[in-house]
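**Q** When you get a sec, could you give me coordinates for this:
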Amino acid sequence: MKQEISSQIIDSENKIKQLELDLFMLKEKIEEFQQHDSVAIICFSGEWDKLFAAFTIANGALGLGKEVHMFFTFWGATAMRDKNGKSSKRKSLSQKALRKMLPTNVNATPLSKMNFGGLGKIMMKKEMKKQNIDDLQTLMKQARDLGAHFHCCDTSLQLLGFDCDELIEKDKTDWCGVSSFLSIAFQSKVTLFI
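**A** Model (predicted):
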């Protein structure tokens, strides 16, 4: 009888240990797939006001202590262009033509509405200065200084004929593919497409 009770106690202890181990493993898996307290912003548009909104949101999130990742793709990739950047790679005829037609930097991007050949943006900037609102270039620098991570879509850059040497702060900008950025976005609490 004592032996039977002793065997049952040992069996119960083993089951408890196994349950504890299973719970520990489950907790690790949950933590692995838990979202990070971060914001992922996909900048698809290369228009001044939309980029302004993206950087305003990024700075707001950074001010709240959130981690921010910004992915510049297609027309949005032109925002990362350094007008003084020089490319050492050969460009196709269509890439040369695209490079001539696209904005040379974030300040050269047009408004999405009421641009009026650039007059709308001049009026907007004048009003912003009067209202003491930071301009787009200042917001971009603030985001970088506050720790925002900038990622450029390598496919978009190749298509548009840009390379690493032509990006602003090229050493601090990640040149990556969609899957790399998506792995970040999947773990973010908020993902915005602007």
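**Q** how about the helices in this protein?
**A** Counting by DSSP state H, residue ranges of the helices within the chain are 2-33, 48-63, 93-101, 119-130, 136-145, 154-160, 178-185.
**Q** Select, out of those helices, the one closest to Thr191.
**A** Ranking the helices of the chain by proximity to Thr191 (C-beta to C-beta) places helix 178-185 first, at 4.8 Å. To be clear about C-beta, it is placed using only N, CA and C from the backbone, and glycine gets the same treatment.
**Q** ok, back up a step: please indicate which of the helices of the chain has the most neighbours on average?
**A** helix 48-63 (a mean of 20; mean count of other C-beta atoms under 10 Å).
**Q** Longest strand in this protein, by number of residues?
**A** strand 36-43 (DSSP state E).
**Q** got the buried residues for that strand?
**A** Within strand 36-43, the residues scored as buried using 16 or more other C-beta atoms under 10 Å are Ser38, Val39, Ala40, Ile41, Ile42, Cys43.
**Q** Relative to Leu19, how far out is the nearest residue to the first one once chain neighbours are set aside?
**A** Okay, so that is Ser38. Counting by C-beta to C-beta, 6 or more residues apart in numbering, the nearest residue to Ser38 once its immediate chain neighbours are dropped is Glu67, at 3.8 Å. When distance is defined by C-beta to C-beta, to the nearest Å, Glu67 is 35 Å away from Leu19.
**Q** before we move on, what about Asp145?
**A** The spacing between Asp145 and Leu19, counted by C-beta to C-beta, is 49 Å.
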